[in-house]
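Novice: 3D, please:
(one chain, ligands or ions: 1)
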Amino acid sequence: MLHDPRFRIPGLKGVCAAVLPPEAGGPDPGVLRIALEQYVAQFPVPSRHAARAGVMGLNAFSVATTGKTLLRHGPEEREQVLHRLTTRPEGRHALEGLKALVLLVAGGERYADELLARWQAVEPVRPDADLDVTPAAWWPSRSSCDVVVIGSCAGGAVAARTLARAGLDVVILEEGRRFTVDEIRTTRPVQRFADLYRDAGTTVALGTPPIALPIGRGVGGTTLVNSGTCYRTPEAVLLRWRDDAGLKLADPSAFAPYLDDAWDTLSVAPVPLDVMGCNGKLCLQGAERLGWACGPLDHNGAPCQGCCQSAIGCPVNAKYGVHLNALPQACAASARIVSEARVLRVTHEAGRATGVVARRLDGSTVVIQAPRVVVAAGAAETVTLLRRSGLGGHPQLGHNLAIHPAAGVMGRFDDPVVAWDGVLQSAGVDEFHESEGILVEATATPPGMGSIGLPGIGRDLVAQLDTADHVAGLGAMIGDEPAGRVYGSKRAIIRYELTARDGARVVRAVEVMGRILFAAGAREVYPGVPGHPVVRTVEELADALASANPKGLHLAAFHPTGTAGAGADEERYPVDPEGRLRGVDGVWVADACILPTCPEVNPQISIMALALAVADGMVTAG
Ligand SMILES: Cc1cc2nc3c(=O)[nH]c(=O)nc-3n(C[C@H](O)[C@H](O)[C@H](O)COP(=O)(O)OP(=O)(O)OC[C@H]3O[C@@H](n4cnc5c(N)ncnc54)[C@H](O)[C@@H]3O)c2cc1C
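Specialist: The predicted model follows:
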């Protein structure tokens, strides 16, 4: 990508030099600045302004306290400025945000050439699928069909397949574009991150703490970038959905065939030990030594080559997202996909759906008439779309958001781990799942990109980066209460406030992960607790956590659900137990929105099974 001078960020070179001093062996700040500016240029305007303001604020602080901008200082003085800044909470937050940004790009770039060369030498394990995809630019401005499906991800793909197999003329509209394996394997990691995620991966749930909430966008949706871990919906969750929400189709015996179908569609199998990699093996070793239930995770990645890149698109087509199975199967049954078509609204007349209006990239519109519309645009976008369509009247639409918040902990080992050599998400510890709602999963990141969790700044951080191959990473998710909400109709604004109960569970999850790493032999552990960046014993970990405020931890989330819950109670649930949006005829919802609560496990299988059940109901109803 060419560097556009309009997106220059004054003072960024100094920030790069302060976070990763070149004098200590950090990357050339001039080169890193350009890579960062290219990435930030792809952010939506508010995030771009926030990054710019952070950089300018940091330099202004340097000038105010020392009379010089960061770049004019030597490495020691730059570090002193940053340390002074961290004594103020708002300064600490700004610095952490910028550090994460610098490390994401620096880490991604550090391994980019090696990564591209290594994986271009490996043949894809399967070719791209035969998809009937037409970019919206080439689709007629007016057309009609039996059913429009909005969104081509987990829910939309399988719903479209069932409907097409029933002989209906189905058109799937997808805002993102199609990515081929050739494009993925030849594009630099940071650019893949920017391309494959909505808003270049900057989606966030606002609150204390703010929680990164990335969402995929493309033909295949988030399954293009997810980690591939598969869990059947736990029976206790299904019983709650059946009995509390009145969702009859969630009855465990009625739901089992849909779970089986989703499982088979994705060809789910356990992660084999010979490709798992050291990161997962250390997790298993630590948990086994503690006597905790654990094992390889099930995933839809066979035959996985262990390249650890599923979060930025699999370069060998092993990760079996719906673009490689349910979507081509839908197309084989004559469904058609229109890409780069953002649906602006679902149209309706006299209380009945009549179709959709979508926008092409050039701003012109595409009108498709259809008596049935399935909305599967994801937990945030489905809500805003329904509001834009004048269908957002239900008072609970957008409420009830659960995100399955996740914390990460890293541990440093004497021997090399090379966490990025193996499966990205590989081994699970179930010991505390039923009892405390905590699910631990050994999770690495694409090479270099996990360095954002390393402690320190300046020279210490460069030293950490240089030995990042000795660091293992775990993540844990908390089955949470619905503590968030999606606002907005043009753009989704997501708010989420961790409840006290879930905050305590996050802290407990950090303890559990720290103990696993120590039991596996970690020399030191990075719990991510402000004031305690490094702990060296289980006792030090307990001390650090005794006073830890969950609102000060770095959290991320990957599983938003529940914003248009399906259930029997008309007042509580915007969607009825068969998946029909209340208040209009001819509109169904079939994505993460309709899960009545957090499924307490990685959700793609649950979403697919619910969408299959909804689509089956549509076919049966005729
Ligand atoms: C990094 C990451 C890792 C994950 N790992 C796992 C995992 O290991 N296992 C697991 O089970 N889950 C995982 N998940 C979550 C899982 O992938 C998602 O929960 C699931 O794919 C969501 O499916 P969905 O059908 O709700 O739609 P979404 O993924 O939200 O997709 C909706 C689609 O609709 C399109 N769209 C949105 N608005 C419009 C519009 N107006 N017009 C047209 N199209 C539109 C979007 O572009 C998108 O392609 C992960 C998620 C992330 C981000």
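Novice: separation between residue 412 and residue 454?
Specialist: Note on residue 412: its distance to residue 454, by C-beta to C-beta, to the nearest Å, is 9 Å. To be clear about C-beta, it is placed using only N, CA and C from the backbone, and glycine gets the same treatment.
Novice: Mind listing the shared neighbours of these two?
Specialist: Common neighbours of residue 412 and residue 454 (criterion: C-beta atoms under 8 Å, 6 or more residues apart in numbering): 471, 526.
Novice: Not counting the helix or strand hosting residue 260 itself, show me its contacts.
Specialist: Per DSSP states H and E: residue 260 is located in helix 252-265. Outside helix 252-265, the residues within contact range by C-beta under 8 Å, 6+ apart are 158, 230, 232-233, 235, 238-239, 242, 248-249, 322, 325-326, 329, 604-606, 608-610, 612-613, 616.
Novice: Could you restrict those residues to the ones contacting the ligand?
Specialist: When C-beta under 6 Å from any ligand atom is applied, the members of the contacts of helix 252-265 adjacent to the ligand are residue 604.
Novice: Could you give me the ChimeraX selection string for whichever of the contacts of helix 252-265 are buried?
Specialist: Only the buried entries of the contacts of helix 252-265 go into this ChimeraX selection, using 16 or more other C-beta atoms under 10 Å:
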select :158,230,232,233,238,242,249,322,325,326,329,604,605,606,608,609,610,612,613,616
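Novice: Just the ones in strands from the contacts of helix 252-265, please.
Specialist: Judged by DSSP state E, strands contain none of these.
Novice: what sits against residue 334?
Specialist: 164, 169, 170.
Novice: can you tell me how far the second one sits from the ligand?
Specialist: Going back to what we said before, that points to residue 169. Residue 169 is 19 Å from the ligand, where distance means C-beta to the nearest ligand atom, to the nearest Å.
Novice: Any figure for the gap between that residue and residue 455?
Specialist: Residue 169 sits 56 Å away from residue 455, taking C-beta to C-beta as the criterion.
Novice: Could you tell me how many residues sit around residue 519?
Specialist: Using other C-beta atoms under 10 Å, residue 519 has 19 other residues around it.
Novice: before we move on, what about residue 236?
Specialist: Neighbours around residue 236, by other C-beta under 10 Å: 11.
Novice: same deal with residue 41?
Specialist: The burial count for residue 41: 17, using other C-beta under 10 Å.
Novice: Find the nearest non-adjacent residue to residue 220, please.
Specialist: Of all residues not flanking residue 220 in the chain, residue 323 sits nearest, at 3.1 Å (C-beta to C-beta, 6 or more residues apart in numbering).
Novice: where exactly do the strands run in the stretch 101-250 of the chain?
Specialist: Taking DSSP state E, counting those that start in this stretch, the strands of the stretch 101-250 of the chain run over residues 133-135, 142-144, 147-150, 170-173, 204-206, 211-212.
Novice: Could you dump these into CSV and include mean neighbour count and mean pLDDT?
Specialist: What follows is those, written out as CSV (neighbours: other C-beta atoms under 10 Å; pLDDT from 0 to 100):
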stretch, mean neighbour count, mean pLDDT
strand 133-135, 17, 98
strand 142-144, 13, 98
strand 147-150, 28, 99
strand 170-173, 28, 98
strand 204-206, 20, 97
strand 211-212, 20, 96
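Novice: now these as TSV including distance to residue 594?
Specialist: Output for these, formatted as TSV (distance: least, C-beta to C-beta, whole Å):
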stretch	distance to residue 594
strand 133-135	26
strand 142-144	27
strand 147-150	14
strand 170-173	18
strand 204-206	20
strand 211-212	22
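Novice: Need the nearest residue in space to the residue in the stretch 251-400 of the chain positioned nearest to the ligand, chain neighbours excluded.
Specialist: Closest to the ligand within the stretch 251-400 of the chain is residue 378: 2.2 Å, counting by C-beta to the nearest ligand atom. In space, and not counting its chain neighbours, residue 378 is closest to residue 591: 5.6 Å by C-beta to C-beta, 6+ apart.
Novice: where's the one you found relative to the ligand, distance?
Specialist: Distance, residue 591 to the ligand, using C-beta to the nearest ligand atom: 3 Å.
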